[in-house]
Structures are given as C-alpha cells and as structure tokens.
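Engineer: Provide a 3D model corresponding to the input given below.
(chains A, B, C and D)
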Number of protein chains: 2
Amino acid sequence: MSALSKRRLRTWIRLLRLTRSVEADLRDYLRTAHDTTLPRFDVMAALYRQHGDVTMSELSRMLLVSNGNATAVVDRLEKDGFARRTPAPGDRRTVHVALTDAGTVAFQSMATGHEERLDGLLEHLTEADLDSLRDILRRALPDADPSHTPAHAVADKEPT
Amino acid sequence: MSALSKRRLRTWIRLLRLTRSVEADLRDYLRTAHDTTLPRFDVMAALYRQHGDVTMSELSRMLLVSNGNATAVVDRLEKDGFARRTPAPGDRRTVHVALTDAGTVAFQSMATGHEERLDGLLEHLTEADLDSLRDILRRALPDADPSHTPAHAVADKEPT
DNA sequence: ACTTTAAATTTCAAGCTTAAAATGAATCGG
DNA sequence: CCGATTCATTTTAAGCTTGAAATTTAAAGT
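Structural biologist: So this is what the prediction gives:
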C-alpha cells in the first residue's frame, strides 16, 4: 500500500480524534446545561432551519441517519412536547414534522450556548484555517448533497 | 455572535458531514465484506497496534469511548474468539486484553480492505491537502494526548 | 379493476453508547 | 492497622443506531 494511502489513513484518524473530542464536549454541555442530547439537538436544529414541513425521509437524509433512527428520536421529542407530527395533506404516507413553540424556544437557548461552546473549542482555528478547511473538505466530498447537511446547522445563509 | 464564530460553526458542520459519510461507507464495507462492525474494528485495531497487554482503561482512553462501552465490545469480541482477557499480574483490579491468533488473522484482512476503501474515499486529498490538514488539526487540538488515538490506527510509525 | 412497483414510515432485533452506580482492590495518612 | 480515598472494572438503565422486515399508501402498467 502506498505511502499516500498511509497518510490518508493517518489523517482520517486525526479527523476522527478531533470530531470525537469536540462531540464529547458538546454532548456534555447539552446534558449539563440543557438536559438534552446531541441527537435530539441535531434533529431540533434541522427542524429549526427548515422551520416546519420536514418529512421523516428528509430528516434522515439531512442528518445522515437511518429512517428508523429518525423515527425514534422524533418519538421522544414528541413525547417531551418539543416536536409535532402532522399528516401531510395529499399523501397519507407522509408526515410533516415541526418544532412546537416550546421546542423553538428551547432550541434557541441551546443553540446560543452550543455556538459559544463550539467557538471556544475551535478557537485556535483562524480565518485562514477555515478557508483552507473549506476548500479541502469540498475537495474531499465532491458529491456533497446540500440536503445532507448534518444537523447543528443553525447559522448562516451567508455566501460560502 | 461574531462572524468568526459562525464560520467555525459552518466548518464544524462540514467536518461532521465528511466524517459521517466516510464512516457510513466504512461501516458498510466491514459489514458486507467481513461481517463485523466499526466499533469492533476499532477495538481490534487498538489491540493490534499495541499487540497485547492493553488494559480496559487504556482501551477506552485510546478510543475516546466510555469504560462501560469498552467492556461491552470486548465482551462480544471475546465471545467470538477474537479477543482474550487475562488477569494482570500484580494488580487484581486490572485485566490485560489482547487479540487471539484468530483475531489477529481476521484483523489483518479487514485492515487491508479498510485502508484501500479509505484511500478511495479520500482520493481527492492531495499531499498538500494532507499537509495543511495535519497542521490545522494540530492547531485545533493542541492538547492532544497521544494515548487518545482513536482506533483504526493500523499504520505508521513514520515521522509526523 | 388488478397486479406490480415504488415510496414513506414504522417496527423489530441486535448491537452500540453513555452516565451513573456498584464492586472489588490498591494506596495513603494517620 | 484503619478509615478514607482513589483506581480499574463491571453492571445497569436509558437512550441511540443500524439494517431488515413489515405496513400502508401511491402510482403505473396491463
């Protein structure tokens, strides 16, 4: 196996190390400060962004999780009063999922803390680093489907 | 919230998108080609690297997973005959975990396929990209503890 | 109308993961 | 030696996640 392939493996391990430790910190923040979890937050973020009328299929595609998984997390959010399912008019197979008012309020507070926390975790990344990363990640995932945006996505409509 | 903080959030989302889709592909490969899972592979990779005498605590630190999680995955590997627990001489609290011969053989074949697969997934990353990424990821995780190497780590003793 | 095919969602079993509590063992200060 | 603390691991309960099978509905094709 080529030296380049070994370097790719090393880089992949580094990438995993970063995402896992950042996720561990965010998970901890969400648990202690908001008594919630990362998967719940991800779903709420996706619902908040689209504000309303997201189908279960869209949800699982956005978050890159299985359809059964989306069902389970939405079930729990619904039980907590943070999300609501409504039958889609016109197609009885489809349901529309949305945040409730309580869910929206709860999410906004979570999102602020989440962004602050993340900002601290990535404080050593400069504008130049973010530029490079954007280019590199684009190159790594050339077939990126915008509907695959995996959660957290609270921010930004600004030009990339 | 600052524009920089919003950019950090966007970058984080991109990073997650990449790691999730790469993980999904590797998971699929391991399942179809080797009838195993990513967590099992990660544990086997850690054991293979150290070849022998890894404690449960070291394992969970290396993989950035909880101690209870390490227990569960090692339990299953042991049941499959791929890993072995032996009491540590001198300290009756501690156990040493190692791959069995069968585990070693199985792992080597998985690791080859895993590296090839990953090489394909990251084929668009050039040497220059890998250089940049190494520097950026180092900056992002300045307190990186080398014992936190999260799995997969099969390759490489070469200089970083 | 009827069969087939595809689509959206849920259900299910198995496994993964975490945080917290429990167990058992070593260590340390008195 | 003793009590307290710390350490290594396992256990437990709850929740997460997947892939596959099952349901239900819609859309075609005949």
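
Engineer: contacts, neighbours, all on C-alpha from now
Structural biologist: Noted.

Engineer: any regions of chain A where pLDDT drops low?
Structural biologist: A:142-160 (pLDDT under 70).

Engineer: and it, which residues reach DNA strand D?
Structural biologist: A:37-40, A:64-70, A:72-73, A:76, A:90-93 (C-alpha under 7 Å from any atom of the strand).

Engineer: flag every buried residue along stretch A:96-115.
Structural biologist: Neighbour counts over stretch A:96-115 (16 or more other C-alpha atoms under 10 Å in any protein chain shown) mark A:96-100, A:103-104, A:107, A:110-111, A:113-115 as buried.

Engineer: can I get these in JSON lines including distance to B:S60?
Structural biologist: Shown next, in JSON lines, are the buried residues of stretch A:96-115 (distance: C-alpha to C-alpha, whole Å):
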{"residue": "A:H96", "distance to B:S60": "40"}
{"residue": "A:V97", "distance to B:S60": "37"}
{"residue": "A:A98", "distance to B:S60": "38"}
{"residue": "A:L99", "distance to B:S60": "36"}
{"residue": "A:T100", "distance to B:S60": "39"}
{"residue": "A:G103", "distance to B:S60": "35"}
{"residue": "A:T104", "distance to B:S60": "36"}
{"residue": "A:F107", "distance to B:S60": "32"}
{"residue": "A:M110", "distance to B:S60": "29"}
{"residue": "A:A111", "distance to B:S60": "30"}
{"residue": "A:G113", "distance to B:S60": "28"}
{"residue": "A:H114", "distance to B:S60": "26"}
{"residue": "A:E115", "distance to B:S60": "28"}
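
Engineer: near chain B too, which of the residues you listed?
Structural biologist: With C-alpha under 8 Å from any C-alpha of the partner chain as the criterion, the buried residues of stretch A:96-115 include A:E115 near chain B.

Engineer: mind checking which of the buried residues of stretch A:96-115 are in strands?
Structural biologist: A:96-99 (DSSP state E).

Engineer: on that earlier part again, contacts with chain B among the residues of chain A next to DNA strand D, please.
Structural biologist: A:L64.

Engineer: ok, of the residues of chain A next to DNA strand D, which come out buried?
Structural biologist: Applying 16+ other C-alpha under 10 Å to the residues of chain A next to DNA strand D flags A:38-40, A:64-65, A:70, A:73 as buried.

Engineer: got the angle for the strand or helix carrying A:T71 vs strand A:95-99?
Structural biologist: A:T71 belongs to helix A:67-79 when assigned by DSSP states H and E. Our comparison of helix A:67-79 with strand A:95-99, counting by axes from the mean of the first three to the mean of the last three C-alpha atoms, to 10 degrees, yields an angle of 50 degrees.

Engineer: near DNA strand C, anything from helix A:67-79?
Structural biologist: Yes - judged by C-alpha under 7 Å from any atom of the strand, helix A:67-79 and DNA strand C are in contact via A:67-72.

Engineer: also stretch A:14-26?
Structural biologist: Yes - counting by C-alpha under 7 Å from any atom of the strand, DNA strand C is contacted by stretch A:14-26 at A:A24.

Engineer: could you export the residues of helix A:67-79 next to DNA strand C as CSV, including distance to B:R49?
Structural biologist: CSV is the format used below for these (distance: C-alpha to C-alpha, whole Å):
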residue, distance to B:R49
A:N67, 36
A:G68, 35
A:N69, 33
A:A70, 36
A:T71, 39
A:A72, 37
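
Engineer: re earlier: show me which of the buried residues of stretch A:96-115 is closest to chain B.
Structural biologist: Distance to chain B, by C-alpha to the nearest C-alpha, is smallest for A:E115 among those, at 6.7 Å.
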